[in-house]
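Participant: From the sequence below, what's the structure:
(chains A and B)
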2 protein chains.
Amino acid sequence: MDTAEYKKIDGGITSVKGFKAAGIHCGIKKVKLDLALIYSSEPCAAAGVFTKNVVRAAPIIVSQEYLEGGSARAVVVNSGVANACTGEKGMEDARKMAKAAGEALHVDPREVVVASTGVIGTALPMDQLLKGINDAADQLSVEGDILAAEAIMTTDTFPKVSAIEAKVGGSPVVFGGMAKGSGMIHPNMATMLGFITTDAAITPSLLKKALQKAVDRSFNMITVDGDTSTNDMVVILANGTAENTLIDTDGEDFHKFEKALEYICVDLAKMIVKDGEGATKFAEVVVKGAPSAVDARTIAMSVASSNLVKTAIFGEDANWGRILAAAGYSGVDFDPDKVDVFLEGSPGIEQVAVKGSALDFSEEKASEILREEQIKILIDLNQGEGKGRAWTCDLTYDYVKINASYRS
Amino acid sequence: MDTAEYKKIDGGITSVKGFKAAGIHCGIKKVKLDLALIYSSEPCAAAGVFTKNVVRAAPIIVSQEYLEGGSARAVVVNSGVANACTGEKGMEDARKMAKAAGEALHVDPREVVVASTGVIGTALPMDQLLKGINDAADQLSVEGDILAAEAIMTTDTFPKVSAIEAKVGGSPVVFGGMAKGSGMIHPNMATMLGFITTDAAITPSLLKKALQKAVDRSFNMITVDGDTSTNDMVVILANGTAENTLIDTDGEDFHKFEKALEYICVDLAKMIVKDGEGATKFAEVVVKGAPSAVDARTIAMSVASSNLVKTAIFGEDANWGRILAAAGYSGVDFDPDKVDVFLEGSPGIEQVAVKGSALDFSEEKASEILREEQIKILIDLNQGEGKGRAWTCDLTYDYVKINASYRS
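Facilitator: Modelled structure (predicted):
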């Protein structure tokens, strides 16, 4: 993808005109911000992608139902308590959150997306939360994007926001986004929340199609530790105020829209990986020459998810055998005797395996590359045209430390 | 399975009459033992189960080919170098190992099973190895079982041997075994070697069927870190010298044989988990009430493989939410609202979740259980008759330390 096509803008979800946001402390957590609200002054086409875990938190079930209509006006998110494994009471609480936000914002409660993240199995403190929703509505502003991004954090160490300008149908279109996630990240969007806004005019069905495709190539291609969660969702709201012709067919404009959406989703997904619990290094795994793009992504994720590859990255060890072995157990059928492996970083590129076998490579050059904070592992299967990318971080002592104590 | 049916015997593969073994240092490693030889004075029915990784080491390909005939007389195993990702030269070397052992033992080289474990992508030092095979043949003895088990170790901290006596068809039958593995252990038998001997009389095809079933319920149900390897195999040799009637049909005797084989495989598999890299705790995950036994095993492995569950065990945290979430992303479709979760150990049993939701359980009692070195996680899906077990260890600082530096 040609990044020159996109202009980075400061800020997040409120970079798109017509959107306001707030992030406040309502009392679920002791001190930190724990409640975010997003509001659109215009009606929006809306779509969501949700966790595939069969254990689904109440807000997932409620938001999926509400988004069936393909429209939304607001998003309310709390952190600290996941409202997962909370039975019928949890379902009522999720609906009450939407109702309270709807009343405070004078919109239909079914136009309110609900999300939660935090501890599983605990009931939401509804008194604080409902009061908080009113307070947040009072504090909505175009400057609220960073506070909102902070309010959805759990073990995150920094708020994750992104905004870009793209050309779609000859007109400038803006995308804004925020995301949350640092541990438990794996495909199907574990403990991962993403909210995207745009002023593009697009039908709800094409919006959903574009979001699914973008999520499959971004949030579903990151991994911190292989676990997937009960609460994850990515939601997009499109208010249609840009000058672009309504995107209502799967043509060139749709393709441009989808690529721009993928770009901002990848940007946010990479931030989540960089904030991986205890992570010190960031790695991109690029697979090319695969029988298909799906095969390439499957292999890339298998390598990116391997604990042994991740600890080797931490140890700055050019362990191409682990990379090849992880590709080999991905489930994709391929000929290992054609595979080349390279390590790449700012010091350059070094081939470390050729045709599935050892190569007398420069350990010195490889070490130089692996000492960098950002590393690329390139796997060329040499048996097709399929390409795919995944992103991962190293597995460190601190990962164990953080997760041995955090009750999530 | 009623353990009272089986009598534990001291020793390993040479507990079965007619088998001799040796474990020596031939020079692949600097000091430690690195070459094992097993020899049967009688012809044996033989079968093997091999890694499903598409990247398959040369000894895997050779042994699979040689075992197609269903018979074997010897096994030669080296540690230190895996002979994986070594191209055509690696294939030649694996065949040379079998040929040398065949000549030294005066048996057909195609009756010799070959196995290797260690660093990927490095060629075997054939001069030392071929000389070593002759030396090992000279040192074969019925006391060689422990040395042989030591000679196949890599990052293992102790040799793994087991032997039992069982009744099959009214006659006493003996099983002996040794195994290797400590890190990288996951289903499909990563960096895992297992060798079983028995005096039972059984046809090669039923031997293979029993081995596959036993491996599926033992070695394929252990996990240390989710990675699978290029070199893994479990091989069984049955010399038929017991008094039992030849097992040639899938009847009661076959069932008894299979259960006894499963018992010794589980015993060896548990030793591998207990030797998990950096592990301090051992956990059995029991799933019952599942739609099917396969579903139960899939869920058990998903929970046992979860880094978050494994770090929670290290942290002695009664984190039932992570257990439920890991069950939820296993790929098995089930109703989470029926699931009960229990923790069990020598201090007793404590229910920590009921019908997929929180329960006001005793944190004190749960902590007491989790402080033990051996823990059982019991998940009752309450939606069928399927049962399954998996075994795992905790994920610790030392795991990261060991794997950040070891080039495997």
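
Participant: neighbours of the closest residue to chain B within the stretch 101-250 of chain A, just the number please.
Facilitator: Using Cβ to the nearest Cβ, the point where the stretch 101-250 of chain A gets nearest to chain B is residue A:120, with a distance of 2.9 Å. Placement of C-beta: from N, CA and C, glycine included. For residue A:120, the count of nearby residues is 28 (other Cβ atoms under 10 Å in any protein chain shown).

Participant: Tell me the spacing between it and residue A:53.
Facilitator: 11 Å (Cβ to Cβ, to the nearest Å).

Participant: Between these two, which contacts overlap?
Facilitator: Common contact partners of residue A:120 and residue A:53 (Cβ atoms under 8 Å, 6 or more residues apart in numbering or on different chains): A:230, B:325.

Participant: if we can go back for a sec, and the closest residue to the residue of the stretch 101-250 of chain A closest to chain B other than its chain neighbours, how far from residue A:85?
Facilitator: The shortest distance from residue A:120 to any non-neighbouring residue, by Cβ to Cβ, 6 or more residues apart in numbering or on different chains, is to residue B:321 (2.9 Å). According to Cβ to Cβ, residue B:321 stands 6 Å off from residue A:85.

Participant: what do those two both touch?
Facilitator: With Cβ under 8 Å, 6+ apart, residue B:321 and residue A:85 have common neighbours A:120, A:121, A:230.

Participant: neighbours around the nearest residue to the second one once chain neighbours are set aside, how many?
Facilitator: Residue nearest to residue A:121 in three dimensions, not counting chain neighbours: residue B:358, with 3.7 Å by Cβ to Cβ, 6+ apart. Using other Cβ under 10 Å, the number of residues around residue B:358 comes to 20.

Participant: Quick one: residues contacting residue B:358.
Facilitator: Counted by Cβ under 8 Å, 6+ apart, residue B:358 has contacts A:85, A:86, A:121, A:122.

Participant: one more time with 10 Å
Facilitator: Listed by Cβ atoms under 10 Å, 6 or more residues apart in numbering or on different chains, the contact partners of residue B:358 are A:84-87, A:90, A:119-123, B:320-321, B:352.

Participant: For the one helix or strand residue A:116 maps to, buried residues please.
Facilitator: In this structure, residue A:116 sits in strand A:112-119 according to DSSP states H and E. Buried residues in strand A:112-119, counted by 16 or more other Cβ atoms under 10 Å in any protein chain shown: A:112, A:113, A:114, A:115, A:116, A:117, A:118, A:119.

Participant: Touching, the first one and residue A:65? I think so.
Facilitator: No. Using Cβ atoms under 10 Å, residue A:112 is not in contact with residue A:65, being 11.7 Å away.

Participant: Need the overlap of contacts for these two.
Facilitator: residue A:95.

Participant: Need the three-state assignment for the nearest residue to residue A:172 once chain neighbours are set aside.
Facilitator: Of all residues not flanking residue A:172 in the chain, residue A:165 sits nearest, at 5.5 Å (Cβ to Cβ, 6+ apart). Under DSSP: H, G, I helix; E, B strand; the rest coil, residue A:165 falls in the strand class.

Participant: Give me the buried positions along stretch A:120-133.
Facilitator: Neighbour-count burial for stretch A:120-133 flags A:120, A:121, A:122, A:124, A:125, A:128, A:129, A:130, A:132, A:133 (criterion: 16+ other Cβ under 10 Å).

Participant: Enumerate every residue touching the fifth one.
Facilitator: Taking Cβ under 10 Å, 6+ apart as the definition of contact, the neighbours of residue A:125 are A:26, A:27, A:28, A:34, A:78, A:80, A:81, A:93, A:132.

Participant: Walk me through which strands the helix or strand hosting residue A:38 pairs with, and which way each runs.
Facilitator: Using DSSP H and E, residue A:38 sits within strand A:35-50. Strand A:35-50 pairs in its sheet with strand A:19-24 (antiparallel), strand A:71-81 (antiparallel), strand A:233-238 (antiparallel), by DSSP bridges.

Participant: mind showing which ranges of chain A have poor pLDDT?
Facilitator: By pLDDT under 70, the weakly predicted segments of chain A are A:1-4, A:182-190, A:223-228, A:277, A:397-408.

Participant: In it, what residue spans correspond to helices?
Facilitator: In chain A, the segments counted as helices under DSSP state H are A:58-66, A:87-105, A:126-138, A:145-151, A:204-216, A:252-274, A:293-305, A:307-314, A:320-328, A:363-370, A:397-405.

Participant: got those helices as CSV, with distance to residue B:254 columns?
Facilitator: As requested, the helices of chain A are exported to CSV (distance: least, Cβ to Cβ, whole Å):
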stretch, distance to residue B:254
helix A:58-66, 48
helix A:87-105, 47
helix A:126-138, 60
helix A:145-151, 62
helix A:204-216, 47
helix A:252-274, 51
helix A:293-305, 37
helix A:307-314, 38
helix A:320-328, 34
helix A:363-370, 52
helix A:397-405, 45
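
Participant: Good, wrapping up.
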